[in-house]
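Participant: Let's see this in three dimensions:
(chains A, B, C and D)
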Protein chains: 2
Amino acid sequence: MVSNQTKISPEFIQNAARVLKTLGHPDRIKIVEYLDDGEKTVGQIHRELEMLQPIVSQHLKVMFDRGIVINRQEGTRFFYALANEFIFKILDCMADAQEKIRNGAWTFESQEN
Amino acid sequence: MVSNQTKISPEFIQNAARVLKTLGHPDRIKIVEYLDDGEKTVGQIHRELEMLQPIVSQHLKVMFDRGIVINRQEGTRFFYALANEFIFKILDCMADAQEKIRNGAWTFESQEN
DNA sequence: GTTTTATATAGTAAAAACACTATATTCTCT
DNA sequence: AGAGAATATAGTGTTTTTACTATATAAAAC
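Facilitator: Coordinates of the predicted model:
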């Protein structure tokens, strides 16, 4: 399979870079993955993923600001959800890559440390 | 279309985070995209993408260390190429997302600045 | 052997990201 | 009104990233 040849536009590159960089944090990947099956409250994330509550809020704020998650308030709770399919696609992409690597179909070597 | 439900393993998350974060830089996305149709020398990248040579080398070093690109030497030249299909897939993913967003099929709003 | 060309590396100042503690805000319930 | 729960925000020290200039290295050409 050959790679898509669509040219990526300069404006989009800025956005994409921002999103990729933001997703490039283990905790945030975990959060995004956890949100994959539907909206969750801050508390759920905090308890389920065993992260400090302010850390969770901070990650969610960053991801909200960058268009990765959306939220809605219900009383004192905030429900967060993935904002768009781009995020789903990247998750798919990662899960897929993981499979291929596990299979030995791909290799994925890091050279340092 | 529903998202892939494969669970992402903790070890893989570390790698994925590293790669995504590394790709989350406009210059590096441009370089990776430029490498999409085959290996290129540092000088080609430098001239074609109009980036300072040490910047290019620096980006390439980071990407090499993180398993995103590979290289081979030929005389005084170094040819760099994408290291594996994970990178291709992410590129595809981005190009795809760009299309959908351009179409208006998705929205992608950034909330800040 | 000296000069050019191509690339890498060092050094560094500025900016951004991170992790964590403490505190504020806002609802809800009584 | 007061207490408790859920979440956000402030403040801060530390680490990482980034951008850039200057310099080193190594092969090629003359």
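Participant: Roughly how far does A:Glu39 sit from B:Val62?
Facilitator: 36 Å (C-beta to C-beta, to the nearest Å). For the C-beta atoms, the positions are set from N, CA and C on the backbone; glycine is no exception.
Participant: again but with A:Asn71, I slipped
Facilitator: Relative to B:Val62, A:Asn71 is positioned 34 Å away (C-beta to C-beta).
Participant: For chain A, which segments count as strands?
Facilitator: Ranges of strands in chain A, per DSSP state E, are A:40-41, A:69-74, A:77-82.
Participant: quick one: the helix ranked longest in chain A to strand A:77-82, angle?
Facilitator: For chain A, the helix that runs over the most residues, judged by DSSP state H, is helix A:85-103. On the basis of axes from the mean of the first three to the mean of the last three C-alpha atoms, to 10 degrees, helix A:85-103 is oriented at 60 degrees to strand A:77-82.
Participant: Tell me, what's the model's pLDDT at the residue of chain A found nearest DNA strand D?
Facilitator: Going by C-beta to the nearest atom of the strand, DNA strand D is nearest to A:Gly43 of chain A, at 2.6 Å. Predicted confidence (pLDDT) for A:Gly43: 97.
Participant: Might you report the residue contacts of it?
Facilitator: Residues in contact with A:Gly43 (C-beta atoms under 8 Å, 6 or more residues apart in numbering or on different chains) are A:Gln53, A:Arg77.
Participant: is chain B contacted by the helix or strand bottoming out on mean pLDDT in chain A?
Facilitator: One helix or strand of chain A scores below all others by mean pLDDT, DSSP states H and E: helix A:85-103, with a mean of 78. Yes - for helix A:85-103, a contact with chain B is found by C-beta under 8 Å from any C-beta of the partner chain, at A:85-86, A:88-101.
Participant: State the number of residues packed around the closest residue to DNA strand C within chain A.
Facilitator: Scanning chain A for the residue nearest DNA strand C gives A:Gly75, at 2.9 Å (criterion: C-beta to the nearest atom of the strand). A:Gly75 has 5 neighbours, counted by other C-beta atoms under 10 Å in any protein chain shown.
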